[in-house]
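> Need coordinates for the following:
(2 chains)
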Amino acid sequence: MTYRVRFAPSPTGELHVGGARTAVFNWLFARSKGGKFLLRIEDTDRERSSEAMTGRILEGLRWLGIDWDEDPLFQSSRLPAHLENVDKMMASGNAYRCFCDPEKLAAEREEALKSGANSWKYPGYCRDLDENTVKTNLEKGLSFSVRFKIPEGETSFNDLVHGETVFDNSNIDDFIIVRSDGTPTYQLSVVSDDIEMKITHVIRGNDHISNTPKQILIYKALGKDVPEFGHIPLILGQDKKRLSKRHGATSLIEYKERGYLPEAMFNFLSLLGWSPGNDREYLRKDELIKIFSLDKITKSGAVFDEQKLAWLNGQFLSDLPAEEIIEEIKPRFETAGLWDNSFQGERKEWFYNLINLLKTRCRILDDFITDAGPYLTDHIHYDDNGVKKHLKNSEVIEHLSDLLDVYSEIKDFNEANTEDVLRKLAEKLDISAGKLIHPLRMALVGVPVSPGVFEVAVLMGKEKTLERIRLLVEWLKSYHGVK
RNA sequence: GUCCCCAUCGUCUAGCCAGGUCCAGGACACAGCCCUUUCAAGGCUGCGACACGGGUUCAAAUCCCGUUGGGGACGCCA
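All right, here's what the predicted structure looks like:
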């Protein structure tokens, strides 16, 4: 059996993280089974759909590393085929024309609900119209929609994640499959296209569970095989409600812009409502393909926790070679005005070293911008807290001046020597090494946080190190009011 | 309201189907310690959950029923 699954976004908005997660599960299923992963663009809502949005959705998918096997099917192109199915169903008595006035129906419904009824279904006025009436109505030019005729009985399916699920048909309305303007509705289009695309497994969000019996009934009315269905849990916001815009960022692209790596995002999404069944969490795509299975999908909703995403991103960042990080951060550095082409030219090695020094401290890509700043510009701002903590005693002026002297003497300005010389000086001055180390860090980067200060000094080079110590000495003189 | 789905640490989850090895394991977050020149990273420790009530059973987080709670769907949107 060839497994065929699909992801069917409608291009009415950005690719939502929930949608992206559905795509991830479908893709993982297909790739792990050697099946096909297909795309269908549900663009039948002409008002809200746009070609531009289709492009952005595909771009998001590509960014995540999700590829598809055949050309995407545009639902709007399939309109005649959908309507053909309606003819079949009308001919077989599974669908009928409804001449009811929609406004009248709406009013009826409102009234019924207001007077305490707990649900309202189409009363079936046109359900059993005789041929002559239909004919006359048609001749009169009355507009009509087409409804699906729900049969008696119950409809059940064995959901891949929830197991046996049963619906009593009496709870299902004779839903509309063709609007009075002659266009097919969602339920019809989905089934028609899934048949056309030979979809074997429909893996989608939980919110579609109540659509499933309707769709199964259409398959049956059409005499087609019913595919397997698997309904995955919804992604929730902190308040446990379905993730939506009021929870913050919901579109995949926003996370890309925030500096998350596609591999990390993919990994994170795969863990939302699925687990490999053991303690492994930090997983690459090829490993995920190997271990993914539908029966490990969780039943309950999953809260989107950006902190965990950030942690995962940090894991990927730490393991990513500097070259690749540089590719990712280049555009960000450019917009921040920190980029210089020499980083990929004569200062290539130096820049690699810098990035390698910073990467274990970074969680998202923009962290590199703030962390790398002091190395790339000469504008040093002395952080208030750092000043209070390490520079408030005017003695540091003397200490730094001494450090400046001994550092100027160093011939081979490497980590061992810079450390050695500093520690000897501290001993001579009878102070702890920290009393020199922290001011030195302040001199070099202006903040009390950095990689190992000797690594920093060496990376900056002797000249710049000396210059920055001098600069801080001058700054401190005026700060402490020393002449 | 009706129908459907769900229910293990604050969060993601393992365990549940094939009941004992679970006074419930891992991860994120949080707190502390170690390492250490700071911050990360790393290591260690701590905090922290089987929603409730009934069954069934020698034994239930695991099976059954109910209650409660949460969510989703109830469109001539998709």
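
> now do the same end-to-end measure for stretch A:457-467.
End-to-end span of stretch A:457-467 (C-alpha to C-alpha, to the nearest Å): 11 Å.

> A:Arg62 - how many residues pack around it?
12 (other C-beta atoms under 10 Å). In short, each C-beta sits where N, CA and C put it, glycine included.

> And for the one 5 residues further on?
A total of 11 residues lie near A:Asp67 under the criterion other C-beta under 10 Å.

> Three-state assignment for it, please.
When classified by DSSP: H, G, I helix; E, B strand; the rest coil, A:Asp67 comes out as coil.

> Please report the distance of it from RNA strand B.
Separation of A:Asp67 from RNA strand B (C-beta to the nearest atom of the strand, to the nearest Å): 22 Å.

> and what of A:Val5?
Noted for A:Val5: a distance of 17 Å to RNA strand B, by C-beta to the nearest atom of the strand.

> residues in contact with that residue?
Residues near A:Val5 by C-beta atoms under 8 Å, 6 or more residues apart in numbering: A:26, A:29-30, A:35-38, A:199-203.

> Restricted to helices, list these.
By the criterion of DSSP state H, membership of the contacts of A:Val5 in helices covers A:26, A:29-30.

> show me the contacts for A:Leu64.
The contact partners of A:Leu64, by C-beta under 8 Å, 6+ apart, come to A:20, A:23-24, A:252, A:262, A:265-266, A:269.

> Could you dump the ones in helices among the contacts of A:Val5 into a markdown table with pLDDT, distance to RNA strand B and neighbour count added?
A markdown table is the format used below for those (pLDDT from 0 to 100; distance: C-beta to the nearest atom of the strand, whole Å; neighbours: other C-beta atoms under 10 Å):
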| residue | pLDDT | distance to RNA strand B | neighbour count |
| --- | --- | --- | --- |
| A:Asn26 | 98 | 16 | 26 |
| A:Phe29 | 98 | 16 | 22 |
| A:Ala30 | 98 | 21 | 26 |
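
> can you count the residues close to A:Lys424?
12.

> Name the nearest residue to it, ignoring sequence neighbours.
A:Val406 (7.8 Å; C-beta to C-beta, 6 or more residues apart in numbering).

> A:Thr418 is in contact with that neighbour, correct?
No - at 9.8 Å, A:Val406 does not count as touching A:Thr418 under the criterion of C-beta atoms under 8 Å.

> between these two, which one's more packed in?
A:Thr418 (24 against 14).

> For that one, give me phi and psi.
As for A:Thr418, its main-chain torsions (degrees, to the nearest 10) stand at phi -60, psi -40.

> quick one: contacts for it?
Residues in contact with A:Thr418 (C-beta under 8 Å, 6+ apart) are A:407, A:410, A:454, A:457-458.

> Could you report the distance from it to A:Glu164?
To A:Glu164, A:Thr418 is 71 Å away according to C-beta to C-beta, to the nearest Å.

> for A:Gly141, same thing?
Taking C-beta to C-beta, one finds A:Gly141 at 48 Å from A:Glu164.

> now A:Ile218
With distances taken as C-beta to C-beta, A:Ile218 is found 21 Å from A:Glu164.

> now swap in A:Trp63 and tell me
Distance from A:Trp63 to A:Glu164, by C-beta to C-beta: 38 Å.

> Chain neighbours aside, what residue packs nearest to A:Arg204?
In space, A:Arg204 is closest to A:Thr22, 6.0 Å off (C-beta to C-beta, 6+ apart).

> list the helices and strands the host helix or strand of A:Ser478 packs on?
Under the criterion of DSSP states H and E, A:Ser478 resides in helix A:462-480. Under the contact definition 3 or more C-beta pairs under 8 Å, 6 or more residues apart in numbering; DSSP states H and E, helix A:462-480 sits against helix A:395-409, helix A:434-445.

> okay, those, which one's buried deepest?
helix A:434-445 (a mean of 22; mean count of other C-beta atoms under 10 Å).

> got the CA positions of it in PDB?
Presented in PDB, the C-alpha positions along helix A:434-445 are these (Å, rounded to 0.1, in the frame of the first residue of the first chain):
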ATOM      1  CA  GLY A 434      39.300  39.200  40.300                       C
ATOM      2  CA  LYS A 435      40.200  42.800  41.200                       C
ATOM      3  CA  LEU A 436      42.000  43.000  37.800                       C
ATOM      4  CA  ILE A 437      39.900  40.600  35.800                       C
ATOM      5  CA  HIS A 438      36.600  42.300  36.300                       C
ATOM      6  CA  PRO A 439      37.800  45.800  35.500                       C
ATOM      7  CA  LEU A 440      39.600  44.400  32.500                       C
ATOM      8  CA  ARG A 441      36.400  42.900  31.300                       C
ATOM      9  CA  MET A 442      34.600  46.200  31.800                       C
ATOM     10  CA  ALA A 443      37.400  47.800  29.800                       C
ATOM     11  CA  LEU A 444      37.100  45.400  26.900                       C
ATOM     12  CA  VAL A 445      33.300  44.900  26.500                       C
END
